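Enquirer: Quick one, structure for this:
(chains A and B)
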Amino acid sequence: MAIINQATKELQVKIVYYGPAMGGKTTNLVQVHDHVQTAAGHKGKLVSLATSSDRTLFFDFLPIEAMSIKGFKTKFQLYTVPGQVIYNTTRQLVLRGVDGIVFVADSQYEKMAENVESLANLEENLKTLKLALASIPCVLQYNKRDLPNAAPVEYMDFLLNNRDLQVPAFTSTAHLCEGVFESLNMITRLLLHKFISQPAPQYA
Amino acid sequence: MASLPQLVEEDVLKLEEELRGLLAQSEATTALLIDTGGFLIGSSGDAGQFDLTTIAALAAGAFMANQTIAGLVSEPHFNSLYQQGEQFSLFVLAVDEQALLVVIFQAHLGVGLVKYYAQPAAMRISRQLQIAHARNPDASLDLSELNLADPRGLFRKKAG
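Expert: Below is the predicted model:
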């Protein structure tokens, strides 16, 4: 749940990168951390709670501050979740207080079942927090487009974005920083739209 | 999920006063009020010494993880966490369902004093949050200056 502090003119928003294991969630945060253009001191440290083999164990965390909006300091907190099936409780913890989701799907044909399973898992976990995917700003990112066995975008749309209300989808090659900022800017845009159309938001 | 209340100046001043009072009584170094999602709501003490934003995110994660472990061993009354260090120790206490009080103190001080003063401080903070909940003022964000048709201005990739 976003925190808007009228007294200190601060808006804090939590964005969670979700998706199957090895799909590129951490790579997204690394690329944002390495390439984001910010005023000095407005980019926090990228913190990774990872295993010795660099697999996310709990979460990655990157705080960044966007441009000031009408005098409000806008702080975005980016999180990833561990993708492996066994870490579901951890994913539920990281989802607490989520405001927006970037679902990072792996474009390789053989990963489609994992993509679908992970998206279903996201919906289940949101339900445990009394949230619905349809009510949370969400962006799809079809990652690893540089690989030769990448499935067509139309096929991925059919599998992952085939619902009443389609969400914005982007192709990406996260390790080359392609599609990373497009996804981030779209989710922030959707989030801010939500605040505007929700005149009395629930917040601190 | 219950939501945190909106904080107006009166709330922020009261919360800061409580955090300052806790530091004075317990001789702790820094006190943070955070929400369980990992956001920093307020702090008092030596802010320059620590990365409070990251500590808030990690303390919330650690607390929630330990609370989940407690639940798995049928322990329903988990409301605090103590991390003992050699230089600095850390004490996390649940204020209510949505907020946590984090106290960083020099390790030689011992956790007893911090616990003793943190408990009533957390209760007073909880009461202030209830007052803020009950007040429920209308409020909104004026984002009219932001061109939402073009979100590129928010986060830009560095050239080169």
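
Enquirer: The lowest-mean-pLDDT helix or strand in chain A close to chain B?
Expert: The helix or strand of chain A with the lowest confidence, counting by mean pLDDT, DSSP states H and E, is strand A:3-5 at a mean of 72. Yes: counting by Cβ under 8 Å from any Cβ of the partner chain, chain B is contacted by strand A:3-5 at A:Ile3, A:Ile4, A:Asn5. Yep, even glycine has a C-beta here, placed from its N, CA and C like the rest.

Enquirer: Reformat those residues as a markdown table; add neighbour count and distance to B:Gln25.
Expert: A markdown table is the format used below for the residues of strand A:3-5 next to chain B (neighbours: other Cβ atoms under 10 Å in any protein chain shown; distance: Cβ to Cβ, whole Å):
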| residue | neighbour count | distance to B:Gln25 |
| --- | --- | --- |
| A:Ile3 | 25 | 27 |
| A:Ile4 | 24 | 31 |
| A:Asn5 | 23 | 26 |
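
Enquirer: Out of these, which is nearest to A:Thr74?
Expert: A:Thr74 lies nearest to A:Ile4 out of these, by Cβ to Cβ, at 9.9 Å.

Enquirer: Tell me if I'm right that the closest one and B:Gln6 touch.
Expert: Yes: the pair A:Ile4 / B:Gln6 is scored as a contact, 6.9 Å apart, by Cβ atoms under 8 Å.

Enquirer: does any bit of the next helix or strand after the least confident helix or strand of chain A sit next to chain B?
Expert: As assigned by DSSP states H and E, the chain's next helix or strand after strand A:3-5 is strand A:10-18. Yes: for strand A:10-18 and chain B, the contact criterion (Cβ under 8 Å from any Cβ) is met by A:Leu11, A:Gln12, A:Lys14.

Enquirer: Given strand A:10-18, what are its sheet partners and their directions?
Expert: Using DSSP bridges, the strands paired with strand A:10-18 are strand A:3-5 (antiparallel), strand A:72-80 (parallel), strand A:100-106 (parallel).

Enquirer: Tell me how far the following helix or strand past it lies from the chain's centre.
Expert: Next helix or strand after strand A:10-18 toward the C-terminus (DSSP H and E): helix A:25-35. Put simply, helix A:25-35 sits 11 Å off its chain's centre (Cα atoms, centre = their mean, to the nearest Å).

Enquirer: Taking strand A:10-18 as reference, get the angle to helix A:25-35.
Expert: If you take axes from the mean of the first three to the mean of the last three Cα atoms, to 10 degrees, helix A:25-35 sits at 140 degrees to strand A:10-18.

Enquirer: helices or strands next to helix A:25-35 in the packing?
Expert: strand A:10-18, strand A:56-69, strand A:72-80, strand A:100-106, helix A:180-196 (3 or more Cβ pairs under 8 Å, 6 or more residues apart in numbering or on different chains; DSSP states H and E).

Enquirer: try it again with 6 Å
Expert: Packing partners of helix A:25-35 (3 or more Cβ pairs under 6 Å, 6 or more residues apart in numbering or on different chains; DSSP states H and E): strand A:56-69, strand A:72-80.

Enquirer: Count the neighbours of A:Leu29 for me.
Expert: The tally of other residues near A:Leu29 (other Cβ atoms under 10 Å in any protein chain shown) stands at 26.

Enquirer: What residues of the host helix or strand of A:Thr89 count as buried?
Expert: For A:Thr89, the enclosing helix or strand under DSSP H and E is helix A:88-95. Of the residues in helix A:88-95, A:Thr90, A:Arg91, A:Gln92, A:Leu93, A:Val94, A:Leu95 count as buried by neighbour count, 16 or more other Cβ atoms under 10 Å in any protein chain shown.
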